[in-house]
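A.B. asks: dropping the sequence and predicted coords here.
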Amino acid sequence: QVQLVESGGGLVQPGGSLRLSCAASGRTFSRYAMGWFRQAPGKEREFVAAITSSGSATYYADSVKGRFTISRDNAKNTGYLQMNSLKPEDTAVYYCAAESSRGGLYYQGQVYHNWGQGTQVTVSS
């Protein structure tokens, strides 16, 4: 099992940028695929982005493609979500998730058994 802690959320104006971090501990992070999800008030959790354990492949929800970039630094046991051109509809609690994997790339939330506590992102003028 791996423990995850997100950071980097906050209040940003429309069009602005934020970088979220997901610090992992407890197991070898490089053996885990990682994903980012978000949940807005009154809405279901939705997939944002995913990356393989090695970082060789990524996958994005259509709503964030071209604006968000998922990455990871296995030497630092940390994953990232760079968010550019933010919109008010990006406002949500953002969660990182990890699952032991041998090259898998997962967009389904139910695949992941390790979750962080979430970090709030608010996009507003």
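C.D. replies: That came in fine, so what should we check first?

A.B. asks: contacts, neighbours, all on C-alpha from now
C.D. replies: Will do.

A.B. asks: residue 77 touches residue 27, doesn't it?
C.D. replies: No: Residue 77 is beyond contact range of residue 27, at 9.5 Å (criterion: Cα atoms under 8 Å).

A.B. asks: neighbour count: these two, which is higher?
C.D. replies: residue 77 (17 against 13; other Cα atoms under 10 Å).

A.B. asks: give me phi/psi at the more buried one?
C.D. replies: phi 50, psi 40 (degrees, to the nearest 10).

A.B. asks: how near is it to residue 52?
C.D. replies: From residue 77 over to residue 52 the distance is 14 Å, taken as Cα to Cα, to the nearest Å.

A.B. asks: so where do the strands sit in this protein?
C.D. replies: Counting by DSSP state E, one finds strands in the chain at the ranges 3-7, 10-12, 18-25, 32-39, 46-51, 58-60, 68-73, 78-83, 92-100, 114-115, 119-123.

A.B. asks: how about TSV for those strands, with distance to residue 106 and mean neighbour count added?
C.D. replies: Converted to TSV, the strands of the chain look like this (distance: least, Cα to Cα, whole Å; neighbours: other Cα atoms under 10 Å):
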stretch	distance to residue 106	mean neighbour count
strand 3-7	17	20
strand 10-12	27	16
strand 18-25	17	20
strand 32-39	7	25
strand 46-51	6	24
strand 58-60	8	18
strand 68-73	13	20
strand 78-83	15	21
strand 92-100	9	25
strand 114-115	13	18
strand 119-123	21	21
